[in-house]
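Undergrad: What follows is a predicted protein model with its sequence.
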Amino acid sequence: MSDSLVENGVVGAGGGGFPASAKFSVKVPTFIVNAAECEPLLHKDKELLVHCRDDFFRGLAVAMARTGASEGVIGVKEKYGELISSLEAVLPAGVRVQPLSDTYPAGDEFVLVHEVTGRLIPPGGLPRDAGCAVSNVETLVNIGMDRPVTTKFLTVAGAVRKPLTLRVPVGISFRECVAEAGGASVPKYGVLSGGVMMGSFVSDLDGPVTKTTGGIIVLPEDHPVLRRYLSTDAQVRRIGKSACDQCSFCTELCPRYLLGHPIQPHLAMRSLGFELATEPLLEGTLFCSGCNLCSMYSCPEDLDPRRVCSMDKAVALKRGLQWKGDPKGVRSHELLEWRRVPSSRIMRKLGLNEFVNEGPLKPGTAKTWRVKLLLKQGAGVPAEPRVEAGQRVGEGELVASVPEGKLGVNLHASIAGRVTFADGAIVVEGG
């Protein structure tokens, strides 16, 4: 039997990009909508809940039916009181809004599940282990539209003349998105894809937006956040080895540590002093979420524990290390509620208050004459081309699909035009 989520190429619109059809194959009592959007300067989820509400509720109904959930919970930051009130006025039966604290990382699904239900996802577990399924707003909007996913919603913010949220064809370039926001407001700048805290540096502005691009942040070339992303692993190791005084602030404020998980970033920093780190120093890094709070906020020396955790995690995986504790014995920290980090403090610490913190949705879809569709746009295997060079395709036409029985995401032409190929991608040029 055909599956519309597979056919339409619906994939988690943020995070790891897990195909929606597979993610919603679990049976759970509670379905949680992650509308926390805790990354600084991003506003996409809020805008979609205002402007794409019908599609959102249709998608939520489909997701709840597929998972068998009897309760739907929309997690929205409590500071958006007007939005919460407008949602509560039209909620379908079995769905409620959960006001969330304006802290980081409220949108981490482990944190979100605990805040909504009081239950803990065990170390190495998934939301289903706590009786939940979690999805972000855009994924549900895409399900509700019930058509091939050919567009992406994202906020363009930071050092731009007009911060806004855009709807763009999948495969449009980062450069064109920045131009849609009026261009950069500084002569020399760099761009982050995803967000300030968990994003990645965009080395090629002509590179393509994918189905999982969460946002675009433009920063002045000399901004300290940008310098962090440009530092090398060797630099991080050298500076961390000499400057870390083992204060353990990185651990004491770690969101996963506060949920009782065996992650202790200060032990990862300690591992820098050893040629061959011992297992106890490495095992905990397997449970690092990569939220970057330790590096961007907690460390008084401005070191990079998150990067060290990432490097140590690779070593731990290579050695086949596993945590030997009992998941049933995991308990949240007694000070969890008092160690939440306000988003306002992160904004101030990172020097982001100089930027306009808004992102209204621009009507319509951005135009482009050329898109580059990467064959791999989420978890699983790359899609395989179903078109030939020189072939003309219409917007929404299937151009690549995932082999039967494999995990991945189908791709559709996001504009009408003629097909060419690039390394790992299908290019469609209009005209």
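TA: Received it, and whenever you're ready, just let me know what you need.
Undergrad: For the stretch 301-431 of the chain, which segments count as strands?
TA: 341-342, 370-374, 384-385, 392-393, 398-401, 411-412, 417-422, 425-429 (DSSP state E, counting those that start in this stretch).
Undergrad: List the buried residues in stretch 367-378.
TA: 368, 370-378 (16 or more other Cβ atoms under 10 Å). For glycine as for every other residue, the C-beta is placed from the backbone atoms N, C-alpha and C.
Undergrad: next one: that stretch to chain centre, how far?
TA: Stretch 367-378 has its C-alpha centroid displaced from the chain centroid by 19 Å (Cα atoms, centre = their mean, to the nearest Å).
Undergrad: what is the rounded mean pLDDT of it?
TA: If you average the pLDDT over stretch 367-378, you get 95.
Undergrad: That stretch: end-to-end distance?
TA: 24 Å (Cα to Cα, to the nearest Å).
Undergrad: Now tell me what touches it from outside.
TA: For stretch 367-378, the external contacting residues (Cβ atoms under 8 Å, 6 or more residues apart in numbering) are 11-12, 16-19, 168-173, 176, 207-208, 210-212, 382-385, 399-400, 408-409, 411, 413-415, 417, 422, 424-431.
Undergrad: Just the buried ones from the residues you listed, in PyMOL syntax?
TA: If you want just the buried ones from the contacts of stretch 367-378 in PyMOL, going by 16+ other Cβ under 10 Å, the selection is:
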select buried, resi 11+12+17+18+19+168+169+170+171+172+173+176+208+210+211+212+382+383+385+399+400+408+409+411+413+414+415+417+425+426+427+428
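Undergrad: The worst-scoring helix or strand of the chain on mean pLDDT packs against which elements?
TA: Lowest on mean pLDDT, DSSP states H and E among the helices and strands of the chain sits helix 279-283, with a mean of 74. On a contact count with 3 or more Cβ pairs under 8 Å, 6 or more residues apart in numbering; DSSP states H and E, helix 279-283 meets helix 265-271, helix 305-319.
Undergrad: so where's the stretch 151-300 of the chain shaky on pLDDT?
TA: 275-278 (pLDDT under 70).
Undergrad: can you list the residues that contact stretch 294-304?
TA: 104, 196-197, 225, 228, 231, 236, 239-240, 243-245, 247, 249-254, 265, 269, 305-307, 309, 341, 345-346, 349-350.
Undergrad: now stretch 233-240
TA: 269, 272, 303-305, 307-308, 311.
Undergrad: care to break this structure down by domain?
TA: The chain breaks down by automatic domain parsing into domains covering 4-145, 150-223+351-367, 233-349, 369-431.
Undergrad: mind giving me TSV with the strands of the stretch 301-431 of the chain and columns for distance to residue 283?
TA: Compiled in TSV, the strands of the stretch 301-431 of the chain are given as follows (distance: least, Cβ to Cβ, whole Å):
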stretch	distance to residue 283
strand 341-342	25
strand 370-374	34
strand 384-385	38
strand 392-393	49
strand 398-401	39
strand 411-412	38
strand 417-422	41
strand 425-429	38
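Undergrad: Show me the one of those that comes nearest residue 42.
TA: Nearest of the strands of the stretch 301-431 of the chain to residue 42, taken as Cβ to Cβ: strand 341-342 at 16.5 Å.
Undergrad: I'd like the average pLDDT over the closest one.
TA: 96.
Undergrad: What strands flank it, and is each parallel or antiparallel?
TA: strand 103-104 (antiparallel) (DSSP bridges).
Undergrad: Following the strand it pairs with in sequence, what is the next regular element?
TA: helix 109-117 (DSSP states H and E).
Undergrad: Could you list every helix and strand in contact with that following helix?
TA: Helix 109-117 packs on strand 30-35, strand 71-77, strand 95-100, strand 132-136, helix 255-258, going by 3+ Cβ pairs under 8 Å, 6+ apart.
Undergrad: So which of these is nearest residue 23?
TA: Between those, strand 132-136 lies closest to residue 23; by Cβ to Cβ that is 7.1 Å.
Undergrad: Specify the angle between the helix or strand just after that closest one and strand 71-77 in degrees.
TA: Downstream of strand 132-136, the next assigned helix or strand under DSSP H and E is helix 137-145. Following axes from the mean of the first three to the mean of the last three Cα atoms, to 10 degrees, one obtains 130 degrees for the angle between helix 137-145 and strand 71-77.
Undergrad: backbone phi and psi for residue 249, please?
TA: Main-chain torsions, residue 249, degrees, to the nearest 10: phi -60, psi -40.
Undergrad: ok, now how distant is it from residue 45?
TA: As judged by Cβ to Cβ, to the nearest Å, residue 249 and residue 45 stand 30 Å apart.
Undergrad: So which of the two has more stuff around it?
TA: residue 45 (30 against 17; other Cβ atoms under 10 Å).
Undergrad: That one contacts residue 139, correct?
TA: No. With contact defined as Cβ atoms under 8 Å, residue 45 does not reach residue 139; the gap is 10.7 Å.
Undergrad: any common contacting residues for the two?
TA: Joint contacts of residue 45 and residue 139 (Cβ under 8 Å, 6+ apart) do not exist.
Undergrad: Flag every buried residue along stretch 87-96.
TA: Neighbour-count burial for stretch 87-96 [16+ other Cβ under 10 Å]: 87, 95.
Undergrad: Return the distance of that stretch from the chain's centre.
TA: Counting by Cα atoms, centre = their mean, stretch 87-96 is centred 26 Å from the centre of its parent chain.
Undergrad: who touches residue 158 in this structure?
TA: So residue 158 contacts 41, 217-219, 352, 355 (Cβ under 8 Å, 6+ apart).
Undergrad: Same check on residue 208?
TA: Residue 208 touches 170-174, 371-374, 425, counting by Cβ under 8 Å, 6+ apart.
Undergrad: can we see that at 7 Å?
TA: Neighbouring residues of residue 208 by Cβ atoms under 7 Å, 6 or more residues apart in numbering: 171-173, 371-372, 374.
Undergrad: backbone phi and psi for it, please?
TA: Torsion angles, degrees, to the nearest 10, at residue 208: phi -90, psi 150.
Undergrad: Which stretches in the stretch 151-300 of the chain count as helices?
TA: Ranges of helices in the stretch 151-300 of the chain, per DSSP state H, counting those that start in this stretch, are 174-180, 224-230, 233-243, 249-252, 255-258, 265-271, 279-283, 293.
Undergrad: hey, C-alpha coordinates of the fifth one in PDB?
TA: So the one you mean is helix 255-258. C-alpha atoms of helix 255-258 as PDB (Å, rounded to 0.1, in the frame of the first residue of the first chain):
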ATOM      1  CA  PRO A 255      20.900  19.900  30.100                       C
ATOM      2  CA  ARG A 256      21.400  16.200  29.600                       C
ATOM      3  CA  TYR A 257      23.500  15.900  32.800                       C
ATOM      4  CA  LEU A 258      20.600  17.600  34.700                       C
END
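Undergrad: No further queries at this time; thank you.
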